[in-house]
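Q: kindly generate the corresponding structure for this input.
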Amino acid sequence: MKNQSFGSGSPKSYHGYPRGDFDLESGSSRRSFRKPKNSSRIGPIRMMNSIANRIHYFYKLHPVAVFLSSLAIGVAILIVLSMYESRIRTMGFRRDGDLSSGSYPLANLRNLVMVAGHSIYTSTSCGKIDSEDSWFLEPYQNNPGQAATFLAHIQEGVESAAKDEGALLLFSGGETRKDAGPRSEAQSYWAVAESKGWFGILLTCVFDTTGCFVFFCALFLVLTGKRDNIRSRAHTEEHARDSFENLLFSVCRFRELTGSYPQNITVSFYCFAIVVVSYDFKKERFAHLHRLAIGFPEERFFYTGTPAAPGAKEAAEKGEAFVQAQFQEDPYGCLGSLHKKRLKRDPFHRFIPYPKGCPELKSLFNYCGPVPYPGTLPWIQ
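A: Modelled structure (predicted):
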């Protein structure tokens with residue numbers, strides 16, 4: 001009897017029972033699908049191992065590059081975090097008891113750095129900043145190196161503000177020269193600082209294989225961020241006609257921008273409230289006569305002086321002695337020759353808005369007398 005084949009020569013499995021688990025109670029079968037053990041973890045683990053091996057291999061070949069890159073990345077992270085923290089502070093800070101502080105753009109600043117203007121920049125090119133021909137100079141200012149002294153004042157003010165993130169930088173000075181046109185001293189100084197990049201050094205990101213690309217970019221972020229930080233805190237006071245108004249008007253302008261007056265609050269670098277930048281021979285006038293006239297505490301008033309032009313020192317000191325004698329007799333400059341000088345230095349008849357922005361100082365603005373103001377002031381309460 002012949003054997004019957006079932007198709008091909010190989011035997012087939014019997015399908016009388018379905019594959020999978022059989023449920024005796026229900027009489028039905030259930031298919032089960034088994035997943036490979038730890039299949040979901042194999043891909044990420046292999047990828048991480050591959051990355052780690054490559055980093056280790058690169059480190060053996062270029063250890064210095066890896067170190068510099070890691071250092072630069074760390075610096076960049078710190079910069080981003082510090083900028084984020086500073087922005088949060090700026091947005092979130094509100095003074096206690098001041099419900100309207102949200103209307104002030106710089107309510108988080110507490111200290112004042114004031115740069116007193118002495119001339120007006122008249123050149124149409126920012127490339128000749130240190131040239132006397134670029135500035136409108138009075139006859140007594142026509143000295144070699146005079147323009148460089150203006151630049152030194154501006155740079156000193158910027159550097160002082162850079163040391164204190166809680167400081168407002170104000171360039172003070174009005175439209176004091178008729179022949180210079182309706183340009184203010186304050187705007188001239190601000191424009192010079194802007195053209196100088198706020199005296200920051202900007203580095204270009206240059207690619208090379210040693211990791212310096214990241215390092216240079218980190219330095220670029222540091223310096224650019226610092227420059228932008230100072231620029232956002234630099235403003236102008238454009239009505240002052242003499243040194244006393246430089247100080248008084250700047251204090252009022254500070255109130256307009258911050259909602260308060262400079263006060264003794266401990267901050268990052270300074271524990272005082274006002275820094276004045278001008279010529280060194282004017283220190284007695286600002287730090288003694290004008291400070292006493294507004295009743296500001298001596299321990300919170302700092303003065304930074306820069307030298308006069310080399311050929312003008314003797315004449316400058318002689319003229320300063322004469323002006324100091326005038327302010328000793330007329331501390332508020334509201335009588336006699338000082339008052340006439342103010343009128344002469346307002347050739348465009350600008351309306352002075354103060355003390356509208358600082359109502360607490362209204363009585364001080366209206367005061368005119370040979371002795372210091374006897375009333376109460378915000379910074380000595």
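Q: buried ones in stretch 356-371?
A: For stretch 356-371, a neighbour-count test (16 or more other Cβ atoms under 10 Å) marks 358, 360-361, 364-365, 367 as buried. Placement of C-beta: from N, CA and C, glycine included.
Q: CA atoms only for that stretch - export them in PDB, please.
A: Below are the C-alpha coordinates for stretch 356-371, written out as PDB (Å, rounded to 0.1, in the frame of the first residue of the first chain):
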ATOM      1  CA  LYS A 356       6.600 118.800  38.800                       C
ATOM      2  CA  GLY A 357       8.400 115.500  38.700                       C
ATOM      3  CA  CYS A 358       9.500 115.800  42.300                       C
ATOM      4  CA  PRO A 359       6.700 117.400  44.300                       C
ATOM      5  CA  GLU A 360       8.300 116.700  47.600                       C
ATOM      6  CA  LEU A 361      11.000 119.300  46.700                       C
ATOM      7  CA  LYS A 362       8.700 122.100  45.700                       C
ATOM      8  CA  SER A 363       9.700 124.300  48.700                       C
ATOM      9  CA  LEU A 364      13.400 123.700  48.100                       C
ATOM     10  CA  PHE A 365      13.000 124.800  44.500                       C
ATOM     11  CA  ASN A 366      11.300 127.900  45.500                       C
ATOM     12  CA  TYR A 367      13.700 128.700  48.300                       C
ATOM     13  CA  CYS A 368      16.100 131.600  47.900                       C
ATOM     14  CA  GLY A 369      18.300 132.700  50.800                       C
ATOM     15  CA  PRO A 370      21.900 133.000  52.100                       C
ATOM     16  CA  VAL A 371      21.600 130.100  54.500                       C
END
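Q: shaky segments in the stretch 1-150 of the chain?
A: Within the stretch 1-150 of the chain, the ranges that satisfy pLDDT under 70 run 1-43, 82-102, 126.
Q: where do the helices sit along it?
A: Per DSSP state H, counting those that start in this stretch, the stretch 1-150 of the chain carries helices over the ranges 39-61, 63-92, 146-162.
Q: what's the burial count for Glu138?
A: Neighbourhood size, Glu138 [other Cβ atoms under 10 Å]: 10.
Q: now swap in Glu314 and tell me
A: By other Cβ under 10 Å, 9 other residues sit near Glu314.
Q: Provide the secondary structure category for it.
A: Three-state call for Glu314 (DSSP: H, G, I helix; E, B strand; the rest coil): helix.
Q: check the gap between it and His290 for me.
A: According to Cβ to Cβ, to the nearest Å, Glu314 stands 24 Å off from His290.
Q: then Leu71?
A: 48 Å.
Q: which of those two has more neighbours?
A: His290 (25 against 14).
Q: wait, Tyr332 sits on Gly369?
A: Yes: using Cβ atoms under 8 Å, Tyr332 makes contact with Gly369 at a distance of 7.1 Å.
Q: contact partners for His235?
A: 168-171, 190, 253, 257 (Cβ atoms under 8 Å, 6 or more residues apart in numbering).
Q: cool, Thr258 as well?
A: 104, 106-110, 168.
Q: try 6 Å
A: By Cβ atoms under 6 Å, 6 or more residues apart in numbering, the contact list for Thr258 reads 104, 106-107, 109.
Q: is Lys114 in a bridge, and if so with what?
A: Just to correct that, residue 114 is Met rather than Lys. The partner list for Met114 in beta bridges (DSSP bridges) reads Leu170, Val276.
Q: surely it is in contact with Phe171?
A: No: in this structure Met114 lies outside contact range of Phe171 using Cβ atoms under 6 Å: 8.1 Å.
Q: the two: which is more packed in?
A: Phe171 (30 against 27).
Q: rewinding a little: mind putting the contacts of His235 in TSV, distance to Glu320 included?
A: TSV is the format used below for the contacts of His235 (distance: Cβ to Cβ, whole Å):
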residue	distance to Glu320
Leu168	27
Leu169	25
Leu170	23
Phe171	21
Trp190	26
Arg253	25
Leu257	31
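Q: quick one, domains of the chain?
A: Domain ranges of the chain: 55-86, 108-380, per automatic domain parsing.
Q: so which of these is the most surrounded?
A: domain 108-380 (a mean of 18; mean count of other Cβ atoms under 10 Å).
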